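J.: Have a look at this prediction, sequence included:
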Amino acid sequence: MAEPKTRPTTASVAAFLAAIPDENRRKDCRAVAKLMQEATGAKPLLWGTNIVGFGAYRNKLASGREDDWPVIAFSPRRNDLTVYITPGFEPFAGLMARLGKHKTGKSCLYLKRLEDVDVAVLRALIVESVKAMAKKRVA
């Protein structure tokens, strides 16, 4: 069975964030990293080549395979700052309604700019997501 590509690395998160070419995206990522570190109490790790994750849980896939995944994470993608909300958004409908301008996927929150959202609501969303994952957390 193939190993997952997205695994924690020893690469420098600070260097990864410093290399983000767009100054606004770089500032947004640093702000989100701070929120996530406060919510988890965990230091950031670079997962794969472009995901900054905090904490870890054991993820059971439909195939039966298990792997580790960050409790909460983000990635400075080309078009959006992508925030990974592991339990998805259904449990947080009230917060999502107050968040501001965003798009979502199954467990991905897509933000163009941090200034487009209410940061206090984003903080609450991150905190609640981390709490929801507490029983599954391994790191």
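T.: Looks like it came in fine.

J.: any idea where the strands of the protein begin and end?
T.: 44-47, 51-54, 57-60, 66-69, 72-76, 81-85, 103-104, 108-111 (DSSP state E).

J.: could I get those as CSV with distance to residue 94?
T.: Where you see a C-beta, it was placed from the backbone N, CA and C, and this is true even at glycine. Below are the strands of the chain laid out as CSV (distance: least, Cβ to Cβ, whole Å):
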stretch, distance to residue 94
strand 44-47, 28
strand 51-54, 23
strand 57-60, 24
strand 66-69, 25
strand 72-76, 19
strand 81-85, 14
strand 103-104, 15
strand 108-111, 15
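
J.: Compare those strands and give me the one nearest residue 19.
T.: With Cβ to Cβ as the criterion, residue 19 lies closest to strand 72-76 of those, at 9.7 Å.

J.: Could you list the residues in contact with the closest one?
T.: 17, 20, 25-26, 28-29, 32-33, 36, 39-40, 47, 50-55, 81-86, 126, 129-130, 133 (Cβ atoms under 8 Å, 6 or more residues apart in numbering).

J.: gap between the nearest residue to residue 82 once chain neighbours are set aside and residue 109?
T.: Counting by Cβ to Cβ, 6 or more residues apart in numbering, residue 82 lies nearest to residue 75, which is 4.8 Å off, once chain neighbours are set aside. Here the criterion is Cβ to Cβ, to the nearest Å. By it, residue 75 lies 11 Å from residue 109.

J.: repeat for residue 5
T.: Counting by Cβ to Cβ, the gap from residue 5 to residue 109 is 22 Å.

J.: Look at these two and report which has more neighbours.
T.: Between residue 5 and residue 109, counted using other Cβ atoms under 10 Å, the more crowded position is residue 109 (24 against 8).
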